[in-house]
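Engineer: Predicted model and sequence below, questions to follow.
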Amino acid sequence: MSEGVKTIAVNRKARHDYAVEDTYECGMELMGTEVKSIRDGKISFPDAWAEVIDGEIWLRAFHISENPFSSVFNHDPDRKKRLLLHREEIKKITRKVEEKGFTLIPLSFYFKNGRVKVELGLCKGKKSYDKRADLRDRDVKREVARDFRQGTKG
C-alpha cells in the first residue's frame, strides 16, 4: 500500500474460502471508542459479512472490543456498522449481490490518512476441489521459483 496507510488486520481465510470477483474501498461509520479499540488492534472478524439494506451497506458479525478506559460511554461491541460508498458503487454492488452465489466479505482493515477503511470483496464461494487446485498451483509456483534460484546459483 502507499504512504499514509497502516494495515490493521487482513482476512487471509476469505481469499482461501472465496473467489474474489471485485474489491471496493469503503469508509466506516464508527463511534469514538470504536476507533480507539481499532487503533489498539482489538477487532475480530472471522465470519464477518456485509449486506445491502435499503440502499445502504451494513457490516455484520464484526466485533470491536470495548475500550477499558472509556467507562460509561462505551459502544456495543457487536452492533452493525454502516459502510460508506458512493451511490453508483452501491447500485452496482446491489445488482451483483442479487445474483445467485455472490456475497460481500471484508478482506482487510486499514488506516488511510487517519481514517478507518475496509477493503470489501464481492466474492463467490469456492468448492473444495477449487481450493485444492489453488493449493496445487501455489506449490507448483513455489517449486518453479526454487528451481530457478538453484539454477542461477550454480
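Structural biologist: That came through, no problem.
Engineer: Are there helices or strands packed against the top helix by length along the chain, and which ones?
Structural biologist: Taking DSSP state H as the criterion, the chain has its longest helix at helix 128-153. The helices and strands touching helix 128-153, judged by 3 or more CB pairs under 8 Å, 6 or more residues apart in numbering; DSSP states H and E, are helix 12-17. In short, each C-beta sits where N, CA and C put it, glycine included.
Engineer: Please state the offset of the helix or strand that the helix it packs on is followed by from the chain centre?
Structural biologist: Counting by DSSP states H and E, the next helix or strand C-terminal to helix 12-17 is strand 18-28. Offset of strand 18-28 from its chain centre (CA atoms, centre = their mean, to the nearest Å): 7 Å.
Engineer: quick one: contacts of strand 18-28?
Structural biologist: 14, 57, 59, 81-85, 89, 93, 96, 102-103, 105, 107, 112, 115-126, 130 (CB atoms under 8 Å, 6 or more residues apart in numbering).
Engineer: Try it again at 6 Å.
Structural biologist: 81, 83-85, 105, 116-126 (CB atoms under 6 Å, 6 or more residues apart in numbering).
Engineer: List the contacts of the nearest residue to F62 once chain neighbours are set aside.
Structural biologist: Closest residue to F62 apart from its sequence neighbours, by CB to CB, 6 or more residues apart in numbering: A48 at 4.4 Å. If you count contacts by CB under 6 Å, 6+ apart, A48 has them with 61-62, 106.
Engineer: And stretch 55-74, what's buried?
Structural biologist: Residues of stretch 55-74 classed as buried: 57-60, 62, 64-67, 74 (neighbour count, 16 or more other CB atoms under 10 Å).
Engineer: any idea which of those is least confident?
Structural biologist: Ranked by pLDDT, these bottom out at N74, which scores 75.
Engineer: May I have the secondary structure class of that one?
Structural biologist: coil (DSSP: H, G, I helix; E, B strand; the rest coil).
Engineer: What residues does it make contact with?
Structural biologist: Residues near N74 by CB under 6 Å, 6+ apart: 33, 66.
Engineer: go with 8 Å
Structural biologist: If you count contacts by CB under 8 Å, 6+ apart, N74 has them with 33, 66-67.
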